[in-house]
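Undergrad: predicted structure and sequence below. I'll ask about it afterward.
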Amino acid sequence: MLTATGIGTLILSMLGAFGGAAVVGGLVAKYVSDHASKQWLQTHKGQLDQVLETHKAELTRDTETHKLSLKRQELLFNREIEAADALMKLYRRIYPDYSRPDMEWHDACEDVADRLGQVETDLEDYLELHSAVISGPVREKIEAIRSQAASEKFFTSDVPDDVPNHALEAAGQILEGLNEARAHMLQDIRR
């Protein structure tokens, strides 16, 4: 018969056997787990490296595309600034100076009407150099006033130094159109 001490020893020896098996099982499981995870890492490391390199290449390509785009925008902006500067110079060259104390709009229009051939040439030169970078509304306005100067430059008058009304009206429209083009160009630059 088993005594309480014998039962306690039996239970302790069984726990020891199972505990030893558990320790051995735990060690075996840890080894298998480490081996399996190393195998999994080796298997997937190549795939992960490939995905990483693909992503790096895409980022590099996108970066280069953005760099080129920024460089192009910088060049275009510099050309737009040059076109705006040239328009301001053209404005000062075409717009008549305030030459006498009693000078009025009519006098300014006469001054421009007398120079319509030169105004046309100046506007053509401007369009030739800057049409590619100025905005559509500015280009259309300058082309319209150039056309007016071209069509009205051949006026004749019976009285010397007398400018016909149609040439004066064209000169006034040219000055107003030049003001509009200038204002629109300044607005474009400040966008």
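TA: Cool, the structure landed. Computed from a predicted structure; not experimentally measured. Residues are numbered from 1 along each chain as shown.

Undergrad: count of neighbours near Leu52?
TA: 10 (other CB atoms under 10 Å). Backbone N, C-alpha and C define where each C-beta goes, glycine included.

Undergrad: counting contacts, what elements does the helix or strand harbouring it pack onto?
TA: Taking DSSP states H and E as the definition, Leu52 sits inside helix 4-94. When contacts are defined as 3 or more CB pairs under 8 Å, 6 or more residues apart in numbering; DSSP states H and E, helix 4-94 sits against helix 116-130, helix 165-189.

Undergrad: what is the subsequent helix or strand relative to it?
TA: helix 105-114.

Undergrad: which one is Asp114 nearest to, not counting chain neighbours?
TA: Counting by CB to CB, 6 or more residues apart in numbering, Asp114 lies nearest to Val163, which is 6.9 Å off, once chain neighbours are set aside.

Undergrad: and the helix holding Leu52, how far out from the chain's middle?
TA: Taking CA atoms, centre = their mean, to the nearest Å, the mean C-alpha location of helix 4-94 is offset from the chain mean by 32 Å.

Undergrad: same question for that helix, mean pLDDT?
TA: Averaged over helix 4-94, pLDDT sits at 81.

Undergrad: residues near the residue nearest to Asp114, how many?
TA: So Val163, with other CB under 10 Å, has 21 neighbours.

Undergrad: for Lys153, see how far away it is.
TA: Counting by CB to CB, to the nearest Å, the gap from Val163 to Lys153 is 11 Å.

Undergrad: what does Ser131 give?
TA: Look at Ser131 and Lys153: by CB to CB, they are 21 Å apart.

Undergrad: now do Asp125
TA: With CB to CB as the criterion, Asp125 and Lys153 are 15 Å apart.

Undergrad: so which of the two has more stuff around it?
TA: Taking neighbours as other CB under 10 Å, Asp125 and Lys153 compare with Lys153 leading, 18 against 12.

Undergrad: ok, now which ones touch that one?
TA: Leu116, Gly117, Glu120 (CB atoms under 8 Å, 6 or more residues apart in numbering).

Undergrad: most neighbours among those, which one?
TA: Most surrounded of those: other CB under 10 Å gives Leu116, at 22 neighbours.

Undergrad: so it makes contact with Ser147?
TA: No - Leu116 is not in contact with Ser147 according to CB atoms under 8 Å; the separation is 11.4 Å.

Undergrad: picking that back up, switch the helices and strands packed on helix 4-94 over to TSV; also include mean pLDDT and distance to Lys45.
TA: As requested, the helices and strands packed on helix 4-94 are exported to TSV (pLDDT from 0 to 100; distance: least, CB to CB, whole Å):
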stretch	mean pLDDT	distance to Lys45
helix 116-130	94	58
helix 165-189	91	54
